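*Asks:* here is a sequence together with a model predicted from it:
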2 protein chains.
Amino acid sequence: MRNIKLIISYNGSRYHGWQVQPNAVTIQDTMETALRRLTGEEPSLMASGRTDTGVHAIGQVANFFTSTAIPVQGFSKGLNSLLPADIAVLSAEEVAKDFHARKSAREKEYLYRIVFYEQRLPLLHDRAWVLRHRLDLEAMRLCAHHLVGCHDFSSFMASGSSVKTAQRTVSMIDIKRVVNQEYDLLGLEEIRIRVRSNGFLRYMVRNLVGFLVETGLGKRQAAEAVLVLEKRDRRAAGPCAPAGGLYLYKVFY
Amino acid sequence: MRNIKLIISYNGSRYHGWQVQPNAVTIQDTMETALRRLTGEEPSLMASGRTDTGVHAIGQVANFFTSTAIPVQGFSKGLNSLLPADIAVLSAEEVAKDFHARKSAREKEYLYRIVFYEQRLPLLHDRAWVLRHRLDLEAMRLCAHHLVGCHDFSSFMASGSSVKTAQRTVSMIDIKRVVNQEYDLLGLEEIRIRVRSNGFLRYMVRNLVGFLVETGLGKRQAAEAVLVLEKRDRRAAGPCAPAGGLYLYKVFY
């Protein structure tokens, strides 16, 4: 048995997230269907973590075991010929038997994209959060500074989630301003927020981004982040940012 | 009667181009349906030019006449509330009675996007031409130098087109290398080719890009451009680049 690690990119717009579920098309079941056709085996694909409905991936990682003799490069080519246009394997490699896409992951990094314009932007539909008002990046960075570290992130977890502990260590929140490439003609400003952590609670990045945006708009003070964390209550934080702006960016092993 | 000029952006993937045609959904008829609902008038929308099936727009321009009292800003907001997510009005303004989106245009500029990777890239599907082999930009720029100017572009016109003259003046072919924003994690290289002309023949940009790519790959010599232009024969040039990488970028008045 060989253990194969895949790096996968997808446009999540058409899917009900990664995880297999009844009566809905997901990335996992689309991938497993392609694997089944390629290998003739009954596949079980383990990902670094779920992504929610409408969330994209640039570098999702998943692994599976196979007894086939297919050369490792054959998995990217073979799967890409069977997968729909909005999912692709960027690379495949054979890894040690004990590699587990989720359990072996040290950290994961998500990217969230925000652009500023007064109208809808068709080429960024479901790809970035379009806001009308500019944000105060210094306030957001100050707020991010309070959120980085080992905290109980209950206030940023989807209500109704059941987890043993909501304690996670966020090692980085990086906020960068660039000129958007699709609409460079408009001089469109884009803000890219990257959040790295040893684990993410459900909706955690989108809830963090929602709160950061509130501070960037001046609706909340950056230092309120400390109180919001202490409250451990979802209602204490801000709104949830839309799914379409979120990308699973990279998994660290 | 007021004459209203719209700047329109769209993702052309779902459409059979701009121009109304029987039994196919086009940008123009989708726009005219929205205009009809907003104004109650029978609209006639004139664009700067057609775009083909699958071609996108960042700054398409169109105008129409209206007797309604709708304030000019109301056209962008009103139309955007009626249009699907892949079409939007970026701005609306009242212009002189004699403004005509096509006839008044001095020049138009198209953008073509090429990226380099060994696999399909889901987030760039139908948005950029994904090539496996890097291109020699200096050879392409040399070739572009031969193509700029006033020439008979018959060799770069879709075969079967009927036009009075294939003479056009290309004032700029700019070839720029950037790091792609969607896949910056991969350090993905993107080439952006912008072509500006006083008029475009059918498939002209895609045929010019196809030829430039052949020279970038070393399959053709840059100086062959001169011979290809002289031949006035579509078969003399290169392949046609895919529609999805092409964007109507800007119209100059």
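*Replies:* That came in fine, so what should we check first?
*Asks:* make it CA atoms for all contacts and neighbour counts henceforth
*Replies:* OK.
*Asks:* the residue located most distally from the centre of chain A sits in which helix or strand?
*Replies:* Residue farthest from the centre of chain A, counting by CA atoms, centre = their mean, is A:Ala69 at 32.8 Å. Element membership of A:Ala69 [criterion: DSSP states H and E] is none; it lies in no helix or strand.
*Asks:* quick check: residues of the stretch 51-200 of chain A near chain B?
*Replies:* When proximity is defined by CA under 8 Å from any CA of the partner chain, the stretch 51-200 of chain A lies next to chain B at A:58, A:76-77, A:80, A:85-90, A:119-123, A:125, A:180-181, A:183, A:185.
*Asks:* buried among those residues? Need that as a selection in PyMOL.
*Replies:* Command for PyMOL that selects the buried part of these, burial taken from 16 or more other CA atoms under 10 Å in any protein chain shown:
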select buried, chain A and resi 58+76+77+80+85+86+87+88+89+90+119+120+121+122+123+125+180+181+183
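*Asks:* so which of the residues of the stretch 51-200 of chain A next to chain B belong to helices?
*Replies:* A:Ser76, A:Lys77, A:Asn80 (DSSP state H).
*Asks:* I'd like those residues written out as CSV, with pLDDT added.
*Replies:* What follows is these, written out as CSV (pLDDT from 0 to 100):
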residue, pLDDT
A:Ser76, 97
A:Lys77, 96
A:Asn80, 98
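*Asks:* closest one to B:Leu217 out of those, please.
*Replies:* Within these, proximity to B:Leu217 (CA to CA) peaks at A:Lys77, which comes in at 22.9 Å.
*Asks:* leaving out chain neighbours, which residue sits closest to that closest one?
*Replies:* For A:Lys77, ignoring the flanking residues on the chain, the nearest one in space by CA to CA, 6 or more residues apart in numbering or on different chains is B:Gln119 at 7.6 Å.
*Asks:* I figured that neighbour was touching A:Leu90, is that so?
*Replies:* Yes. Contact criterion CA atoms under 8 Å: B:Gln119 and A:Leu90 qualify, at 6.1 Å.
*Asks:* joint contacts of those two?
*Replies:* A:Ser76 (CA atoms under 8 Å, 6 or more residues apart in numbering or on different chains).
*Asks:* ok, back up a step: quick check, pLDDT for the residue farthest from the centre of chain A.
*Replies:* If you check A:Ala69, the pLDDT there is 95.
*Asks:* and it, how close does it get to A:Phe75?
*Replies:* 11 Å (CA to CA, to the nearest Å).
*Asks:* equivalent analysis for A:Met1, please.
*Replies:* Taking CA to CA, one finds A:Met1 at 15 Å from A:Phe75.
*Asks:* all strands of the stretch 1-150 of chain A, in order?
*Replies:* Along the stretch 1-150 of chain A, the segments classed as strands by DSSP state E, counting those that start in this stretch run A:2-10, A:46-47, A:56-66, A:87-95, A:107-116, A:129-131, A:149-152.
*Asks:* okay, those in JSON lines with mean pLDDT next?
*Replies:* Formatted as JSON lines, the strands of the stretch 1-150 of chain A follow (pLDDT from 0 to 100):
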{"stretch": "strand A:2-10", "mean pLDDT": "98"}
{"stretch": "strand A:46-47", "mean pLDDT": "98"}
{"stretch": "strand A:56-66", "mean pLDDT": "98"}
{"stretch": "strand A:87-95", "mean pLDDT": "98"}
{"stretch": "strand A:107-116", "mean pLDDT": "98"}
{"stretch": "strand A:129-131", "mean pLDDT": "97"}
{"stretch": "strand A:149-152", "mean pLDDT": "98"}
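*Asks:* mind listing the helices for the stretch 151-253 of chain A?
*Replies:* Assigned by DSSP state H, counting those that start in this stretch, the helices in the stretch 151-253 of chain A fall at A:204-216, A:224-231.
*Asks:* most packed of those helices?
*Replies:* Comparing the helices of the stretch 151-253 of chain A by mean neighbour count (mean count of other CA atoms under 10 Å in any protein chain shown), helix A:204-216 ranks first with a mean of 24.
*Asks:* output that helix as PDB, restricted to C-alpha atoms.
*Replies:* The C-alpha coordinates for helix A:204-216 follow below in PDB (Å, rounded to 0.1, in the frame of the first residue of the first chain):
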ATOM      1  CA  MET A 204     -13.600  31.100  12.600                       C
ATOM      2  CA  VAL A 205     -11.800  33.000   9.800                       C
ATOM      3  CA  ARG A 206     -15.000  34.500   8.500                       C
ATOM      4  CA  ASN A 207     -16.000  35.700  12.000                       C
ATOM      5  CA  LEU A 208     -12.500  37.100  12.600                       C
ATOM      6  CA  VAL A 209     -12.700  38.900   9.300                       C
ATOM      7  CA  GLY A 210     -16.100  40.200  10.100                       C
ATOM      8  CA  PHE A 211     -14.800  41.700  13.400                       C
ATOM      9  CA  LEU A 212     -11.700  43.100  11.800                       C
ATOM     10  CA  VAL A 213     -13.800  44.800   9.200                       C
ATOM     11  CA  GLU A 214     -16.000  46.400  11.900                       C
ATOM     12  CA  THR A 215     -12.800  47.800  13.500                       C
ATOM     13  CA  GLY A 216     -11.600  49.000  10.100                       C
END
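*Asks:* which strands and helices lie in contact with it?
*Replies:* helix A:137-147 (3 or more CA pairs under 8 Å, 6 or more residues apart in numbering or on different chains; DSSP states H and E).
*Asks:* taking the stretch 101-250 of chain A, what residue is nearest to chain B?
*Replies:* A:Pro122 (4.4 Å; CA to the nearest CA).
*Asks:* I'm done for today, thanks for sticking with me.
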